[in-house]
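Colleague: Would you be able to build a 3D model of this:
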Amino acid sequence: MDDRRVADYFVVAGLPEKLEPVDEFSKDGTFLKPSYNQAPITDITVIFPSLGENVPPGYEIVDTTPSGQLADLNHGSLRSPECFLCFRRGRDKPPLVDVGVMYEGKERILSDSEVVLKTPGGRLANVNNSTAKTLLTFRRAPPSMPCNALVVTDIVVVITSKGEQAPHAFCMIRKTLNRGLVGSDVFLCYKKSMNRANLITYNPGILARYPHEDRPNFQFPSSVPLFCLPMGATLEYWPTNATQPDPVFSTFVLTVADAAEKVYGSAITFYERYSNEKITPEQKRELDPGEGGGGEVKEFSYNINKCICLLSHWPFFDTFEKFLLFVYKMACEGPHSVPIERYICHLLEEVPFPSPQRPRILLQLSPDFRIILTQPEDLPLPRSGAGFRQLLMNLGPENCLQLLLCALTEQKVLVHSLRPDVLTAVAEAVSMIIFPFKWQCPYIPLCPLGLAEVLHAPLPFLIGVDSRFFDLYEPPTDVNCVDLDTNHITVCEEKHHHLTTKLLPKKPARALRN
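Modeller: Next comes the predicted model:
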């Protein structure tokens with residue numbers, strides 16, 4: 001009889017009764033960035049200082065590039081006046097969700113986008129040094145935008161003809177602002193991060209689990225809540241007109257039995273309202289610094305994040321995502337004739353594992369919803385949750401070769417993304433592309449914030465983190481960062497010149513590129 005289980009544990013993680021705030025600095029002394037809680041960008045404009053225009057009140061000017069060059073949008077032009085970008089931060093209006101560059105007469109903007117037509121002084125906001133007009137565009141979030149949506153949080157100017165590149169985690173708009181015969185190649189780069197509301201972060205805990213007792217051959221890992229909520233359990237203060245964010249699917253990998261065995265986690269993270277009666281005076285003061293007597297309470301609500309998770313020895317990620325979303329929707333819709341616990345028990349205890357005799361198991365969850373379990377493929381590669389397609393789609397052939405080189409030479413590799421399910425799939429793929437070799441160094445495909453001090457380890461590692469980590473901390477200088485959202489790899493400064501794909505054998509490298 002096949003004693004393999006489809007899944008071993010069902011877990012609910014979230015804000016525990018005993019609250020332990022997450023420290024503002026790690027054990028190695030890495031402090032939070034001063035800008036970790038910056039307001040998002042709400043407005044952009046351009047000014048011509050040589051024509052008597054000044055920075056508008058409340059705005060910041062982008063006057064230098066990342067390497068210290070003059071951030072003149074007409075850089076290198078002979079007759080065009082100096083032109084600089086300015087932006088304003090705030091929480092008094094919906095933030096920007098996109099920034100763009102438009103070549104007038106050649107393109108049309110989206111219906112919900114706006115064009116920066118005039119400078120604060122009333123002049124035409126043309127940032128091009130030729131007769132053809134080049135204008136900046138932006139798109140603003142709706143007033144009911146969900147909290148934690150992606151918004152523009154930083155803007156820089158880079159001059160590629162001076163050897164500059166987009167800073168790490170920034171997205172470059174591939175349209176030069178100088179289209180004349182004379183002038184430098186000037187590009188705009190912006191960074192998008194989650195629009196975080198006022199919040200307090202606590203260490204997450206287990207709220208419920210099934211079964212309550214450990215399995216005879218698989219002890220329940222104590223670190224599960226950290227991986228279910230890698231950025232911590234948060235108590236957040238939202239405007240009441242903000243819509244509820246959609247649930248987010250994530251995956252993670254735990255190594256047990258002295259790293260000889262892998263356990264795969266599939267999780268759905270969502271938000272719930274938190275009762276005002278449970279809020280302490282200290283929490284109220286921290287979440288609403290301007291609260292003077294409760295006058296604004298009706299305009300805001302308290303919310304907490306929570307996670308439901310399945311642990312399994314098998315990477316049935318797609319199937320588990322559908323099952324967890326089904327359970328989540330059942331919980332949101334209210335009482336049912338069949339309790340939710342019955343579905344969970346059925347999956348963990350009664351659904352047979354796919355076998356050669358029964359390679360496909362159909363699980364009918366409702367009259368109009370079913371999921372299918374398929375027998376894992378018998379491949380020469382070891383079993384894993386690797387997503388080689390996602391690796392190529394997110395990085396492309398050249399960056400994949402760079403990543404292969406980093407893995408073969410055992411570098412410190414930090415993969416990050418705002419998409420946690422993609423993060424685990426790509427990290428697993430990186431650990432597998434060196435087959436038949438095996439990655440023997442520390443390996444955490446989705447590293448919780450509470451374990452981030454491992455980034456300072458004096459040995460090679462392959463670690464994945466949520467991109468929000470970079471809003472809080474600066475990574476160590478000897479780490480190679482892989483950004484899956486902007487398709488960019490930043491090689492550490494000390495190895496930037498010699499750790500290139502030219503080190504790979506020419507013929508195999510050419511075959512991999514093609």
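
Colleague: what comes up buried for the longest helix seen in the chain?
Modeller: Determined from DSSP state H, the single longest helix within the chain is helix 388-408. Neighbour counts over helix 388-408 (16 or more other Cβ atoms under 10 Å) mark 388, 390-391, 394-395, 399-407 as buried. The way it works is simple: take the backbone N, C-alpha and C, and place the C-beta from them, glycine included.

Colleague: hmm, which two among these are most spread apart?
Modeller: Across these, the longest distance by Cβ to Cβ is 19.6 Å; it joins Gln390 and Leu405.

Colleague: Give me the contact list for the next helix or strand after the longest helix of the chain.
Modeller: Next helix or strand after helix 388-408 toward the C-terminus (DSSP states H and E): strand 412-417. With Cβ atoms under 8 Å, 6 or more residues apart in numbering as the test, strand 412-417 has contacts from 169, 394, 403, 406-407, 423, 426-427, 430, 445, 455, 460-467, 469-470, 475-476, 478-485, 492.

Colleague: Okay, and which of these map to strands?
Modeller: Per DSSP state E, strands hold the following members of these: Phe461, Leu462, Ile463, Gly464, Val465, Asp466, Asn480, Cys481, Val482, Asp483.

Colleague: pLDDT value on the fifth one, please?
Modeller: Translated: Val465. Per-residue pLDDT puts Val465 at 92.

Colleague: same check, this time on the one 4 residues further on
Modeller: The predicted local confidence for Phe469 comes out at a pLDDT of 83.

Colleague: Can you show me the strands along the stretch 251-400 of the chain?
Modeller: 261-273, 300-312, 360-366, 369-374 (DSSP state E, counting those that start in this stretch).

Colleague: Export the lowest-mean-pLDDT helix or strand in the chain to CSV, keeping only CA atoms.
Modeller: Considering only helices and strands, the least confidently modelled element of the chain by mean pLDDT, DSSP states H and E is helix 469-472, at a mean of 80. The C-alpha trace of helix 469-472 is given here as CSV (Å, rounded to 0.1, in the frame of the first residue of the first chain):
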residue,chain,number,x,y,z
PHE,A,469,13.3,44.0,1.9
PHE,A,470,15.1,46.7,-0.2
ASP,A,471,12.6,49.3,1.1
LEU,A,472,13.8,48.5,4.6
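
Colleague: How many residues are close by Pro94?
Modeller: If you count neighbours by other Cβ atoms under 10 Å, Pro94 ends up with 16.

Colleague: hmm, I was thinking of Tyr274
Modeller: Tyr274: 17 surrounding residues under other Cβ under 10 Å.

Colleague: ditto for the one 4 residues further on
Modeller: When neighbours are counted by other Cβ under 10 Å, Lys278 registers 11.

Colleague: just the one 3 residues further on next, same as before
Modeller: When neighbours are defined as other Cβ under 10 Å, Pro281 has 8 of them.

Colleague: what comes up buried for stretch 226-242?
Modeller: So stretch 226-242, judged by 16+ other Cβ under 10 Å, has buried residues 226-238, 242.

Colleague: Quick one: mean pLDDT over that stretch.
Modeller: Stretch 226-242 carries an average pLDDT of 90.

Colleague: next one: stretch 496-514
Modeller: Here the average pLDDT along stretch 496-514 is 86.

Colleague: about what we covered before: the least confident helix or strand of the chain packs against which elements?
Modeller: The helices and strands touching helix 469-472, judged by 3 or more Cβ pairs under 8 Å, 6 or more residues apart in numbering; DSSP states H and E, number zero.

Colleague: starting at the chain centroid, how far to that helix?
Modeller: Using Cα atoms, centre = their mean, to the nearest Å, the mean C-alpha position of helix 469-472 is found 10 Å from that of the whole chain.

Colleague: Off-centre distance for stretch 80-100?
Modeller: 23 Å.

Colleague: Which stretches in the stretch 151-300 of the chain count as helices?
Modeller: 224-228, 281-287 (DSSP state H, counting those that start in this stretch).

Colleague: Could I have the CA atoms of the longest one written out in PDB?
Modeller: Right, helix 281-287. Output of helix 281-287 as PDB, limited to C-alpha atoms (Å, rounded to 0.1, in the frame of the first residue of the first chain):
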ATOM      1  CA  PRO A 281      -3.900  52.900  23.300                       C
ATOM      2  CA  GLU A 282      -0.200  52.400  22.400                       C
ATOM      3  CA  GLN A 283      -1.100  50.800  19.100                       C
ATOM      4  CA  LYS A 284      -3.600  53.600  18.400                       C
ATOM      5  CA  ARG A 285      -1.000  56.200  19.000                       C
ATOM      6  CA  GLU A 286       1.600  54.500  16.800                       C
ATOM      7  CA  LEU A 287      -0.800  53.800  13.900                       C
END
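
Colleague: on that earlier part again, can I get the helices of the stretch 151-300 of the chain in CSV with distance to Ile372?
Modeller: Shown next, in CSV, are these (distance: least, Cβ to Cβ, whole Å):
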stretch, distance to Ile372
helix 224-228, 25
helix 281-287, 44
